[in-house]
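Participant: A predicted structure for the sequence below; I have some questions about it.
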Amino acid sequence: MRRIANLALAHSRLAVSGFVLVTLALGAGLLRLGLDNSIDTMVPDDSPVTTLQHQVASSFGAGKLLVAVVQGDIYTPEALTELGRVTAALQRVDGIRRVTSVANARRMEDDGGFLRIENLVDAQHLTPTDIAGIRSFLATSDLYGHGRLVDAAGTAAAVVMEIDDDADPQTVLTAVRHVLDSDWSGPTHLAGSPLIEVEMGSTVRHDLPLLAGLAALLIVTMLFLNFRTVQGALLPLLTVAIGLTWSMGAMGWLGGKLTTLNIIGPVAILAVGSSFSLHLLGRFYFELGKGRDRREAVRLAVSETGLGVLISGIAIAAAMATFVLSSMPTVRVLGLFTAGGVLATLLASLLLMPALLGRLPAPPRLPDPEAPAVLGAVLRRLARFVARRRWTVLAVAAALAVAAAVGAARIVPNTALLDYFGKDSLVRQSYRVVEQTFGGASQIQVLVRGDLDDPTLLRAMLAFQQGVDALPGIASSASIANVLETVNETLTGARALPATRQAVAQELLVYQLSGDVADLTRFRSLDGTQGLIEITAASNTTRELKGVYHDIQHVAAQTIGGHATLGYTGSALLQLAIERALLHDFTVSLTVAIALVILIDSLVRSFPAALVTILALLLTIALQYGVLGYIGIPLDLATMLLGALAIGVGDYAIHLTVRYMEERRRGHGPEVAMERTLTTSGRSIAFTALTLGAGFAAMLISNFVPIRMLGSLMVFTVAAIGITSLTLLPAACLVFLRNPRPPRAVRREVSTHV
């Protein structure tokens, strides 16, 4: 480390110039950085639900569902005429594959043995009798009735749009809103995955610069309170800005895109990265206060404290990099982004900042490092208390761990994307109207593989739908069985499915000759080997969705049974796939992060010291998830990151262990060594916790509910790590690390003093 310090001082101009050039080169990549707010980035790569959804989209032309609810007195000539204009205009929007409303619904009639298919609504000639007929038809139709297109009161109508998978949701949604505002005179509401994607993108664009800016402001404030110099406040911010620029710029040059979870990345890099400079500057000012000249103070700061900063930085980056093991693209991007930013900030802290400190004038006023202070007195009394009550401290920690484990067992996962938004948000309000009016806006699709010309299978499908429609949380269902039942009733007068295979084939042919073949192929493949049952469900938590999914499978087993093989997909089930991947990734990332931190710390320090230090982190992680369980906060895509983030931000606790080991090597007894450790390194740990907490507190103003919750929990986490580092960790050192034997490589390492 001393060579690094000498290199930075001897070639300070070259170091500064090199960082400027690299920052400019990588910074240009920021202009190429895109945003991907699609739900697909959250879905695991290997999910069979995703694979099946692509197959359904290819075979049946099914797109993403967007539902518009228009409110007013629907059963009037004026309203039906407006609805016709809205439907026609929406059908012309690029990216919309199909539009269904009462305005383009089709009615079948028997015309002397032939099937005549005509529009239900003739907007040019609507009489009270016509409207009464429309209302009567919708009350009984299997395809359009039972509140699917117009609610029972006649005060709201649904316009169902299917969006192409490759269409830009923002462009489509803008066009849809323009049509609704222009052609409908009453209130309108939207629901569906394209709406969620667009709102998530808008939130990311709003929150990312706002949260990063606020985090930077809060961190600079804490740094100034710590060092009482402008230099001490701005130099750490410079190193973090370089880390962010390098990481985000590299993503841009490599064609990467920011995703929803990347809101967390800049805040994490700002908070964690600033701690590197905090430790180095603390030692630098300590040496200046003792009368060292500026360049020698830089050498001592880098050579004595730099190794601890280096290893802590590598351990933190390794903990963040465990997210790369995730099967969800958005989590992998967050891992690469954050780990890269941390490493870049670490490099700037160890090379650029010493080069600048060697050339910048020293602050005119520095506090006397040996002068007594209020915080020093408090830490000294705390050290004596812990020394006397070490076993009590360990016992209390053990009791807290047990209580936390009980709370953690109560955690319920929930990856429902709608819950990303606050209950009073416009998205939730719009969804609430749609759900209350029509029963649901989420989609479950059942792919039926079998002989779709077999009347037995068709009857089984119809029985399945009847059973599903009766389930709580289900709004409606539709399939080729409904189409054939309607055709058969029109031609024969019997409300039943065709009785024979020949009758099925004949009625399908009659419909194709009279109507639009797309009405059939949306539910049935042309070769008759695959069919699609579309189910509209309420947008619930994933726990409730699992119950609905289980009930649907149970009904399928009782009705369709051995007549066909079934596959399940749809927007609702994608959320369950996300939950399964979340639980797997949570376990893997947390386990690997703990193992990596222990390994990296022990390679340079000592294995017993690493194990003792990890106790504070493990207790903090247990407390994190215990709080989640007791308060009732669900485990979601944001809170699953808590454990690995705690490991990352909490590795600064190792500085206290290293400082204690140094004092023991100087010949002090365990109790005296710990008292000296707490009165020197304790101040740095306290301000590190305050700085990290201030950075994560910026998340509290996010528009995303999970991000806000993560911010509040990370503030708690940082505070908990600070407290356990000043209480549990000293007690553990005095019990389990009374005679430490560090590796030869760290005998000269000294942790931060100020």
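Facilitator: Thanks, I have it. Numbers count the residues shown, from 1 in each chain.
Participant: domains of this structure?
Facilitator: 1-32+228-357, 48-195+424-574, 372-409+605-754 (automatic domain parsing).
Participant: Relative to residue 221, which of the ones you listed is closest?
Facilitator: domain 372-409+605-754 (6.9 Å; Cβ to Cβ). From N, CA and C alone the C-beta is placed, and that goes for glycine too.
Participant: What mean pLDDT does the closest one get?
Facilitator: Average pLDDT, domain 372-409+605-754: 81.
Participant: same question, stretch 78-98
Facilitator: Mean predicted confidence for stretch 78-98 is 93.
Participant: Extract the C-alpha trace of it and format it as PDB.
Facilitator: Below are the C-alpha coordinates for stretch 78-98, written out as PDB (Å, rounded to 0.1, in the frame of the first residue of the first chain):
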ATOM      1  CA  GLU A  78     -74.900   9.100 -28.100                       C
ATOM      2  CA  ALA A  79     -72.700   6.900 -25.900                       C
ATOM      3  CA  LEU A  80     -72.700   4.000 -28.200                       C
ATOM      4  CA  THR A  81     -71.800   6.300 -31.100                       C
ATOM      5  CA  GLU A  82     -68.900   7.700 -29.100                       C
ATOM      6  CA  LEU A  83     -67.800   4.200 -28.200                       C
ATOM      7  CA  GLY A  84     -67.800   3.300 -31.800                       C
ATOM      8  CA  ARG A  85     -65.500   6.200 -32.600                       C
ATOM      9  CA  VAL A  86     -63.200   5.200 -29.700                       C
ATOM     10  CA  THR A  87     -63.000   1.600 -30.800                       C
ATOM     11  CA  ALA A  88     -62.400   2.500 -34.500                       C
ATOM     12  CA  ALA A  89     -59.700   5.000 -33.500                       C
ATOM     13  CA  LEU A  90     -58.000   2.600 -31.200                       C
ATOM     14  CA  GLN A  91     -57.900  -0.100 -33.800                       C
ATOM     15  CA  ARG A  92     -55.900   2.300 -36.000                       C
ATOM     16  CA  VAL A  93     -53.200   2.800 -33.400                       C
ATOM     17  CA  ASP A  94     -49.900   1.300 -34.300                       C
ATOM     18  CA  GLY A  95     -49.000  -1.500 -31.900                       C
ATOM     19  CA  ILE A  96     -52.600  -2.500 -31.100                       C
ATOM     20  CA  ARG A  97     -53.300  -5.900 -32.400                       C
ATOM     21  CA  ARG A  98     -57.000  -6.300 -31.600                       C
END
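Participant: Name the surrounding residues that touch that stretch.
Facilitator: For stretch 78-98, the surrounding residues in contact (Cβ atoms under 8 Å, 6 or more residues apart in numbering) are 61, 63, 68, 70, 72-74, 99, 101-104, 121, 123, 126, 131, 134, 157, 159, 161-164, 167-168, 171-172, 175-176, 179-180, 182-185, 518, 522.
Participant: What helix or strand is residue 475 located in?
Facilitator: strand 474-478 (DSSP states H and E).
Participant: Quick one: residues in contact with the following helix or strand past that strand.
Facilitator: Sequence-wise, the next helix or strand downstream of strand 474-478 (DSSP H and E) is helix 480-492. With contact meaning Cβ under 8 Å, 6+ apart, helix 480-492 is reached by 108-110, 113, 115, 141-143, 452, 458-459, 461-462, 465, 494-498, 503-504, 507-508, 510-511, 519-520, 523-524, 531-532.
Participant: helices or strands next to the worst-scoring helix or strand of the chain on mean pLDDT in the packing?
Facilitator: When the helices and strands of the chain are scored by mean pLDDT, DSSP states H and E, helix 642-649 comes last with a mean of 75. Counting contacts by 3 or more Cβ pairs under 8 Å, 6 or more residues apart in numbering; DSSP states H and E, helix 642-649 is packed against helix 264-289, helix 306-321, helix 571-604, helix 607-631, helix 705-726.
Participant: Make JSON lines out of those and add distance to residue 254 and mean neighbour count.
Facilitator: JSON lines is the format used below for these (distance: least, Cβ to Cβ, whole Å; neighbours: other Cβ atoms under 10 Å):
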{"stretch": "helix 264-289", "distance to residue 254": "15", "mean neighbour count": "27"}
{"stretch": "helix 306-321", "distance to residue 254": "16", "mean neighbour count": "25"}
{"stretch": "helix 571-604", "distance to residue 254": "23", "mean neighbour count": "21"}
{"stretch": "helix 607-631", "distance to residue 254": "32", "mean neighbour count": "21"}
{"stretch": "helix 705-726", "distance to residue 254": "25", "mean neighbour count": "23"}
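Participant: Format these as CSV; extra columns: distance to residue 659.
Facilitator: As requested, the helices and strands packed on helix 642-649 are arranged in CSV below (distance: least, Cβ to Cβ, whole Å):
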stretch, distance to residue 659
helix 264-289, 11
helix 306-321, 9
helix 571-604, 14
helix 607-631, 11
helix 705-726, 11
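Participant: so which of those helices gets nearest residue 438?
Facilitator: Short answer: helix 571-604, nearest of the helices and strands packed on helix 642-649 by Cβ to Cβ, at 15.3 Å.
Participant: Check the offset of the closest one from the chain's centre.
Facilitator: 14 Å (Cα atoms, centre = their mean, to the nearest Å).
Participant: and that helix, what does it pack onto?
Facilitator: Using 3+ Cβ pairs under 8 Å, 6+ apart: helix 571-604 touches helix 48-60, helix 306-321, strand 442-449, helix 542-559, helix 607-631, helix 642-649.
Participant: Direction-wise, compare the second one with helix 607-631 and give the angle.
Facilitator: Looking back up the chat, that one is helix 306-321. 40 degrees (axes from the mean of the first three to the mean of the last three Cα atoms, to 10 degrees).
Participant: and if you look at the last one?
Facilitator: In this structure, helix 642-649 runs at an angle of 140 degrees to helix 607-631, with the same axes, to 10 degrees as the basis.
Participant: contacts for helix 642-649?
Facilitator: 268, 271-272, 275, 315-317, 319-320, 322-323, 342, 586, 589-590, 593-594, 597, 617, 620-621, 624-625, 628, 692, 710, 713-714, 717-718, 721.
Participant: about what we covered before: just checking, next helix/strand downstream of the least confident helix or strand of the chain?
Facilitator: Once helix 642-649 ends, the next helix or strand along the chain (criterion: DSSP H and E) is helix 654-665.
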